[in-house]
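A.B. asks: pasting the sequence and the predicted coordinates here, then a few questions.
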Amino acid sequence: MTALAPIIPAWIDIGAVEDVPLRGARRIVTAEGAVAIFRTGDGQVFALKDQCPHKQGPLSQGIVHGHSVACPLHNWVIDLATGEPTGADAGKGCTPVVPVTVEGDRLFIPASG
Amino acid sequence: MRERLVVVGNGMAGCRAIEEVLKRDPDRYEIVVFGAEPRVNYNRIMLSPVLAGEKTFDDIVINDAAWYADNAITLHAGRAVQAVDPAAKVVRAEGGLEVAYDKLILACGSDPIRLPLPGADLKGVVTFRDLDDVEAMVAAADRGGQAVVIGGGLLGLEAAYGLARRGMKATVIHLMDVLMERQLDSAAGFLLKEALKERGVEVILSANSEEIVGEDGKVSGLRLKDGRVIGCDLLVMAVGIRPSTALAKAAGLETNRGVVVDDGMRTSDPAIFAIGECAEHRGIAYGLVAPIWDMCRTLADVLTGEEDAAYEGSLLSTRLKVSGVDVFSAGEFSGGEGCEDIVFRDAGRGVYKRLVVRDGRLVGAVMFGDAADGNWYFDLMRQAAEVADIRDTIVFGQAITEGLRGLDPSSAVAAMADTAEICGCNGVCKGAITGAISAQGLTTLDAVRSVTKASGSCGSCTPLVEQLLKLTLGDGFTAETGPKSVCKCTHHPHAAVRERILAEGMKSIPHVMQALEWTTPDGCASCRPALNYYLLCAWPGEYQDDSQSRFINERAHANIQKDGTYSVVPRMWGGLTSPAELRAIADVADKFDIPTVKVTGGQRIDLLGVKKEDLPAVWADLNAAGMVSGHAYGKALRTVKTCVGTDWCRFGTQDSTGLGVKIEKFTWGSWAPAKVKMAVSGCPRNCAEATCKDVGVICVDSGYEIHIGGAAGLHIKGTEILTKVATEEAAIETIAAVMQLYREEAWYLERIYKWMARVGLESIQARIADDVGRRALFDRFAHSQRFAQIDPWAERVEGRHAYEFTPIAMAAE
């Protein structure tokens, strides 16, 4: 963390990239609520509030495909980059995107304010 | 008098910078170069082909001795610079040599990272950085034996390939789960792994190195954290590079990961510049060659009077140098609004291409098997060119795209010559298709298929054949729908996918997606669970279940509820339970504050509202009382309901409870296309409601009626009688056989009644009546059960997939 401190002082280390399964997700509970951290098949990392805009389903439990996740409750497909539902459900609300960054093999999200 | 320009580093960056300066102003500087290696400048990125024996050192020399002489450059080769004194503007080299400078360029490059593993100092442990390393590896390879390469990045793979070419058995140990994970996605990574295997390089993914073991001071193997030991006579560490900053740091220059430079390549001292792998520009230290060329151009501008020249960072592209394996990667793959994947697969040629388009511009490309258009794509990215108008053809490459530019797809088809091949699988050209349509009055796709064979195999030319029908028939053609495809990621129907998995021995999801030319990089929530099931069913004991391709309930082995909690249903064999089990269930409910305890329709008990983190502990307690998973969450055998039969009932004709328990004990754990519910009733009064189950048994005086195809959910349907048998053994054999037939034939999510409606009851009856066929089905089911009857709860109590049940812990801030 020391090397990063001058660049991004407000970020906190939440674990190794490999802690999040490929084409899968992990959940992390923060002061602002649960956050879902996703790792897609091409190794990209995304984070969303762990709540589907439809019925608040935990997106961290869904099937990750491409850059989307299918909500486990009613199969809404949410775009991981924008938090927006896609396909037939496009335009029906949005899940807040949580900034996440990768430095080396570590994952960082903003320290909760 | 001319100013003196001193360059520290006789590598690719240092020499290219000199060339660029000379190009602009050959007489401006007196130039002095220091190099740590005792030789002239060579192309370091071509060391891999030298290792592989495909090139010699002479082939990769960039600037020979004559070049230094012709340009009046003083070269101090084999003399490492030991100190820079910015105040006195002097460098000090080995042997006490001191040279004053007016301008100084640091092009020190980088050092290979050596993992601090125990045994790292053993003889036979090398890195892959310079010609000395290559010579050491070549010498080792001449002695034969085995090599281990730690690191599955570009350099590690090239090293392993080179060693395999030289006759060693090479194994790559990679920490991540995808090879070259910074450049490739998992689909391309899979293909690369297979291609390397064909070339004699084994790859072990997700492997953590623990210790290098040795004998008599010499390496003999690598021990992984999981205890495996991979024997080797040579161990290459290719885990990355670290910018060489020691010299700059000692001179008091600002350093971070590399030597920090501004856009003009200046360090914190205005007379000192840094370029190449030792430099850090806008927070990035590059490890590839293309940015070096960009930096050198800017630096030369600055050094020859164009003070405002600015380097603005580089877009990166990577090409793997392994003969016959074309791999290219450029740009980025992070999604975003309007971000779209274009995927092209050609199973015949082993090609996978994925392009990422955002806001009408190409932003990333991954290619495997055919990287000929890599440079074209890379140019489009660098120019940020609009690609919206070539969106439909871009993935086919430059030649086709330019050829069809401005034409709409149907006129493009119309413009094709009659000799142009439409169907590559069956070698059918355009003229043959249009000719058949006109001559034989064909009006449907199926008719064209049966007459010409076009689009009859892989089906990827179906859109083209439809275009030809449309062109030839005009309005007389209406597109029809064939068998439904698995999902929008593929045009293949379920049956074709299942057949080809078996026929071609495909044993992984990426393999199927490549061979059947999926149009997405890693499928979707519909096809992935289907493929996972098909593979599991086809290769019991061999296929490795992909938990990320399972719906959450099957991944967590519990049912997700509307509030994100889970429900837990332990198995109660045939609906029987005991005071001890009930006590254990009650204790679990108390201990974990489980809010709802309910009796299910399948004669067992459901614990609702369990927190996900508590699941393993709940299961541990249930396991301790002898209970296992009830698979109430799975496309699997759920329950076998029973009535009390001859044990207690005055009407009972057979031991229905006992038979139900036997059936459940034999069939539990089996995965199926959809859920399977069974019941056994002891007499035709049918108290176990067996005639609305997927499989039901009605006991009668003379034996057992086996029923199938009932449903009482979305649709209500009574069962049909499959057959009647005389003994319990025969009943169990028949049920197992029909279960296996269903498992092998049905489409994913197809319940037994739907499968039966599709293939016909008679067809099922005929195959079950056949003694040999039935026995074979039974045997395959029994074989599959050997691997399926492992309690998933107990495995997870033991710690399997622990990450699934624990949220990431928030580290202390």
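C.D. replies: Done, it's in.

A.B. asks: just give the nearest non-adjacent residue to B:Lys598, would you?
C.D. replies: Excluding the flanking residues, the one nearest B:Lys598 by Cβ to Cβ, 6 or more residues apart in numbering or on different chains is B:Asp606, at 4.7 Å. Quick note: C-beta positions are derived from backbone N, CA and C, even for glycine.

A.B. asks: touching, the one you found and B:Ile594? I think so.
C.D. replies: No: at 10.0 Å, B:Asp606 does not count as touching B:Ile594 under the criterion of Cβ atoms under 8 Å.

A.B. asks: still on that earlier bit, what helices and strands are in contact with the helix or strand harbouring the residue nearest to B:Lys598?
C.D. replies: Assignment of secondary structure by DSSP states H and E places B:Asp606 within strand B:605-610. The helices and strands touching strand B:605-610, judged by 3 or more Cβ pairs under 8 Å, 6 or more residues apart in numbering or on different chains; DSSP states H and E, are strand B:566-568, helix B:579-591, strand B:596-599.

A.B. asks: can you say which of the ones you listed is nearest to B:Ile204?
C.D. replies: Nearest to B:Ile204 among those is strand B:566-568 (34.4 Å), distances taken as Cβ to Cβ.

A.B. asks: and the contacts of the closest one?
C.D. replies: Strand B:566-568 has contacts (Cβ atoms under 8 Å, 6 or more residues apart in numbering or on different chains) with B:556, B:558-561, B:606-612, B:615, B:618-619, B:622, B:632.

A.B. asks: now, of the residues you listed, which are buried?
C.D. replies: B:556, B:558-560, B:606-610, B:612, B:615, B:618-619, B:622, B:632 (16 or more other Cβ atoms under 10 Å in any protein chain shown).

A.B. asks: what's the closest of those to chain A?
C.D. replies: B:Ile560 (5.3 Å; Cβ to the nearest Cβ).

A.B. asks: spatially speaking, which residue is in the middle of chain B?
C.D. replies: In chain B, the residue lying closest to the centroid (Cα atoms, centre = their mean) is B:Ser186, at 2.5 Å.

A.B. asks: distance check, that one against B:Met572.
C.D. replies: B:Ser186 sits 41 Å away from B:Met572, going by Cβ to Cβ, to the nearest Å.

A.B. asks: for B:Arg500, give me its contacts.
C.D. replies: B:506, B:512, B:515-516.

A.B. asks: between the residues you listed, which sits nearest A:Leu22?
C.D. replies: A:Leu22 lies nearest to B:Val512 out of the contacts of B:Arg500, by Cβ to Cβ, at 17.3 Å.

A.B. asks: and the residue nearest to B:Pro483 when sequence neighbours are not counted, its phi and psi?
C.D. replies: Among residues not flanking B:Pro483 along the chain, B:Pro493 sits closest, at 3.8 Å (Cβ to Cβ, 6+ apart). Main-chain torsions, B:Pro493, degrees, to the nearest 10: phi -80, psi 170.

A.B. asks: you'd agree B:Pro493 is up against B:Glu499?
C.D. replies: No: here B:Pro493 lies out of contact with B:Glu499, judged by Cβ under 8 Å, at a distance of 9.9 Å.

A.B. asks: comparing these two, which residue is more hemmed in?
C.D. replies: Comparing B:Pro493 with B:Glu499 by other Cβ atoms under 10 Å in any protein chain shown, the one with more neighbours is B:Pro493, at 16 against 12.

A.B. asks: show me the contacts for the more buried one.
C.D. replies: By Cβ under 8 Å, 6+ apart, the neighbours of B:Pro493 are B:482-486.

A.B. asks: quick one on the thing from earlier: tell me what angle the strand holding B:Asp606 forms with helix B:579-591.
C.D. replies: Interaxial angle, strand B:605-610 versus helix B:579-591 (axes from the mean of the first three to the mean of the last three Cα atoms, to 10 degrees): 10 degrees.

A.B. asks: I'd like the next helix or strand past strand B:605-610.
C.D. replies: Using DSSP H and E, the helix or strand that directly follows strand B:605-610 along the chain is helix B:615-624.

A.B. asks: got the CA positions of that following helix in PDB?
C.D. replies: Taking C-alpha atoms only, helix B:615-624 is exported to PDB below (Å, rounded to 0.1, in the frame of the first residue of the first chain):
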ATOM      1  CA  LEU B 615     -24.600 -22.600   5.100                       C
ATOM      2  CA  PRO B 616     -21.400 -24.600   5.700                       C
ATOM      3  CA  ALA B 617     -21.900 -24.700   9.500                       C
ATOM      4  CA  VAL B 618     -25.600 -25.600   9.100                       C
ATOM      5  CA  TRP B 619     -24.500 -28.500   6.800                       C
ATOM      6  CA  ALA B 620     -21.800 -29.600   9.200                       C
ATOM      7  CA  ASP B 621     -24.400 -30.100  12.000                       C
ATOM      8  CA  LEU B 622     -26.800 -31.900   9.600                       C
ATOM      9  CA  ASN B 623     -24.000 -34.100   8.300                       C
ATOM     10  CA  ALA B 624     -23.100 -34.900  11.900                       C
END
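
A.B. asks: quick one: buried residues of the helix or strand containing B:Gly658?
C.D. replies: According to DSSP H and E, B:Gly658 maps onto helix B:656-667. By neighbour count with 16+ other Cβ under 10 Å, helix B:656-667 contains the buried residues B:656-664, B:666-667.

A.B. asks: tell me the pLDDT at the most centrally placed residue in chain A?
C.D. replies: Closest to where the C-alpha atoms of chain A average out (Cα atoms, centre = their mean) is A:Ala47, at 1.8 Å. On the pLDDT scale, A:Ala47 is placed at 95.

A.B. asks: wait, what's in contact with it?
C.D. replies: A:35-38, A:97-100, A:109.

A.B. asks: show me the contact partners of stretch B:778-791.
C.D. replies: In this structure, residues lying in contact with stretch B:778-791 by Cβ under 8 Å, 6+ apart are B:537, B:540-541, B:623, B:628-629, B:666-671, B:733, B:736-737, B:739-740, B:743-744.

A.B. asks: repeat the analysis, applying 6 Å as the threshold.
C.D. replies: Residues from elsewhere that reach stretch B:778-791 (Cβ atoms under 6 Å, 6 or more residues apart in numbering or on different chains): B:540-541, B:628-629, B:669-670, B:733, B:736-737, B:740.
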